[in-house]
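Asker: Turn this into a structure:
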Amino acid sequence: MKKLRIFLVTFCWILTLEVILIDLGVRSDWGVWGKYVVALVFAALWTFLFQRRLQRERAS
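Answerer: A predicted model of the protein is given here:
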């Protein structure tokens, strides 16, 4: 269940960042793979920060 939640959060971040990057015009400048690499890096970072926040709230 925890892995499913992490996957869903990451997937939502990827979709959100993909839309933002397309709006900024990154797709035409960096190509398809550059856009996905940037989206995956940001998604991993935000998912990690989100999970740490949840762990801190549970510990309190």
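
Asker: So what's the residue count around Ser60?
Answerer: 5 (other CB atoms under 10 Å). All C-beta atoms are positioned from the backbone trio N, CA, C, and that covers glycine.

Asker: thinking Ala39 is in contact with Phe11, fair?
Answerer: No - when contacts are counted by CB atoms under 8 Å, Ala39 is not listed as touching Phe11 (10.8 Å).

Asker: quick one, which of those two is more surrounded?
Answerer: It is Ala39, of Ala39 and Phe11, that has more neighbours when counted by other CB under 10 Å, with 20 against 12.

Asker: Spell out which helix or strand contains that one, please.
Answerer: helix 26-59 (DSSP states H and E).

Asker: And that helix, what does it pack against?
Answerer: helix 2-24 (3 or more CB pairs under 8 Å, 6 or more residues apart in numbering; DSSP states H and E).

Asker: so how far is the helix it packs on off the chain centroid?
Answerer: 4 Å (CA atoms, centre = their mean, to the nearest Å).

Asker: State the distance from Tyr36 to Ile14.
Answerer: For Tyr36, the distance to Ile14 equals 8 Å [CB to CB, to the nearest Å].

Asker: picking that back up, average pLDDT for the helix holding Ala39, rounded please.
Answerer: Mean pLDDT, helix 26-59: 75.

Asker: do stretch 6-20 as well
Answerer: 77.

Asker: what comes into contact with it?
Answerer: Lys35, Tyr36, Val38, Ala39, Leu40, Phe42, Ala43, Ala44, Trp46, Thr47, Phe50, Gln51 (CB atoms under 8 Å, 6 or more residues apart in numbering).
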